[in-house]
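here is a sequence with its predicted model. Questions after.
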Amino acid sequence: MLPSTSSFPPAIALNAHEVFVAQTGETASGFSATWTWGSVIALMALVISTWLIINHRRRDGIANWLQPGYDAASESLVVLNRLALKPAIEGVTADLHELVDLVSRLRLAEQRSPELPFGVIVAELEGYQKNVLPHDYEARLAADTGLLSVYLTLTRIQGIKLEAARTAIASVQRLIEKRTRK
């Protein structure tokens, strides 16, 4: 057989190349269709996983930031439940001293997160503290029965402030849980 003198490739070589293209699925640009879709899927998986990591880190940061206020509100709720069992008497009710500490912790939480209504809780607890019965209310009541309506009004206000504080605590805790999705 004589070597080909034409400038065109031999027919056997051309057919071998066409067979290779048909078997591998390569396009004219040199990339296969399966490799391109695989890279797109891998890129999307990378983007989604990065977004999830960033979102969870942000949420964890918010949860750590709001946790002291959430804990103070929870402890306040426990103290309020104990105070609801009897009227608050100045100097006698031991939980009133604990309530002072909790109010200061709630004020700090209000400064840390002014967009949350910690101030409502603080205002209701301070209103509760201002309406305690005097330590000698029994002796005063025995001496003057006209004070009965005054003391009943004080205990009613205590109950109202207690329920208002409980409601405010529940709403703040719901807001925190909504932000952190606990």
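Nice, I can see it. Numbering: from 1, shown residues only.

from now on I want contacts and neighbour counts done on CA atoms only, so please keep to that.
Will do.

which stretches of the chain form helices?
Under the criterion DSSP state H, the chain contains helices at 11-24, 33-83, 95-112, 118-130, 137-143, 148-180.

out of those helices, which gets the lowest mean score?
Among those, helix 11-24 has the lowest mean pLDDT, at a mean of 56.

thinking again about what came up before, JSON lines for the helices of the chain, including distance to Ile89 and mean neighbour count?
Output for the helices of the chain, formatted as JSON lines (distance: least, Cα to Cα, whole Å; neighbours: other Cα atoms under 10 Å):
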{"stretch": "helix 11-24", "distance to Ile89": "89", "mean neighbour count": "11"}
{"stretch": "helix 33-83", "distance to Ile89": "10", "mean neighbour count": "14"}
{"stretch": "helix 95-112", "distance to Ile89": "9", "mean neighbour count": "17"}
{"stretch": "helix 118-130", "distance to Ile89": "10", "mean neighbour count": "20"}
{"stretch": "helix 137-143", "distance to Ile89": "8", "mean neighbour count": "12"}
{"stretch": "helix 148-180", "distance to Ile89": "10", "mean neighbour count": "17"}
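
dump the residue contacts of Ser76.
99, 102 (Cα atoms under 8 Å, 6 or more residues apart in numbering).

redo that, cut-off 7 Å
Contact partners of Ser76, counting by Cα atoms under 7 Å, 6 or more residues apart in numbering, are Leu102.

any idea how far it is from Leu162?
11 Å (Cα to Cα, to the nearest Å).

again with Gly69
Gly69 is 19 Å from Leu162, by Cα to Cα.

now swap in Val78 and tell me
From Val78 to Leu162 the distance is 12 Å (Cα to Cα).

and Ile176, by the same measure?
21 Å.

same check on Ala109?
For Ala109 relative to Leu162 (Cα to Cα), the value is 20 Å.
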